[in-house]
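Visitor: sequence and predicted model, in that order:
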Amino acid sequence: MSNPLQDFDKQQAIRLESNFIIGIDEAGRGPLAGPVVACACFIPPALVSYFADVNDSKKLSEKKRETIYQRLVTSGTAYGIGFASAAEIDRLNILQATFLAMRRAAYKFLNLPHAVALIDGPHPAAGLNMRQEPVIDGDAKSLAIAAASIIAKVTRDRYLNLLDKLYPGYGFAGHKGYGTAKHLQALRELGPCREHRRTFAPVRKLLNPSILP
């Protein structure tokens, strides 16, 4: 059984004359803390029917994302993951740091002949040395991008769960670094930790270098 996302990738493969459609997406552009995480994912044609339930990670429950994630990473799909740290986000800005994470995620595919990267969003990934096609709302249109969105989201969520143990008190396991009321209250009480993005306005306004955890 196919779904519209699979059909979209088939159409792109024909249009772009490529048997290697790589989906690239990221998780974590908006949070106040933690890295931005990108994934590049290729689903071999023989496995495509195995992922008829794949969809944009934002449309799936946490339990469903975890279930599909396990299938994706154990079934023979090819994928790469790239991180850009909070410090790199502050140094480069969030858009350029996202491109950096995407380049790191796609590294293993760079020498794949005739590969085309479908990039979620309106922009190609700057500096990525392979053929690219930006796809606005790609995680809701393309199977490969949706799969990448799931892997990136689950990977980042798990990383924030680890940060919750390293930096107790901020509630990272719950809000995953987003600017919730609980997170902002913790920032006011504890000040920023090393994983906070200091160029993001809510953190910058609260930042006092003399009270780092």
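Guide: Cool, got the structure.

Visitor: show me where the protein has helices.
Guide: 4-16, 62-74, 86-92, 94-105, 143-166, 172-175, 181-190, 201-206 (DSSP state H).

Visitor: got these as CSV, with distance to G30 columns?
Guide: The C-beta positions use only the backbone N, C-alpha and C, and glycine is treated the same way. Below are the helices of the chain laid out as CSV (distance: least, CB to CB, whole Å):
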stretch, distance to G30
helix 4-16, 24
helix 62-74, 18
helix 86-92, 11
helix 94-105, 8
helix 143-166, 12
helix 172-175, 11
helix 181-190, 12
helix 201-206, 11
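
Visitor: out of the ones you listed, nearest to R29?
Guide: helix 94-105 (5.6 Å; CB to CB).

Visitor: tell me the gap between that closest one and the middle of its chain.
Guide: 10 Å (CA atoms, centre = their mean, to the nearest Å).

Visitor: re earlier: minimum distance to N111: which of the helices of the chain has it?
Guide: Between N111 and the helices of the chain, the shortest gap by CB to CB is with helix 94-105, which sits at 14.1 Å.

Visitor: now the closest one: buried residues?
Guide: 94, 97-105 (16 or more other CB atoms under 10 Å).

Visitor: save those as a markdown table, and put in distance to L206 and pLDDT too.
Guide: Formatted as a markdown table, the buried residues of helix 94-105 follow (distance: CB to CB, whole Å; pLDDT from 0 to 100):
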| residue | distance to L206 | pLDDT |
| --- | --- | --- |
| I94 | 18 | 98 |
| A97 | 21 | 98 |
| T98 | 24 | 98 |
| F99 | 28 | 98 |
| L100 | 26 | 98 |
| A101 | 26 | 98 |
| M102 | 30 | 98 |
| R103 | 32 | 98 |
| R104 | 30 | 98 |
| A105 | 31 | 98 |
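
Visitor: nearest to F42, of those?
Guide: The closest of those, once distances to F42 are taken by CB to CB, is A105, at 11.5 Å.
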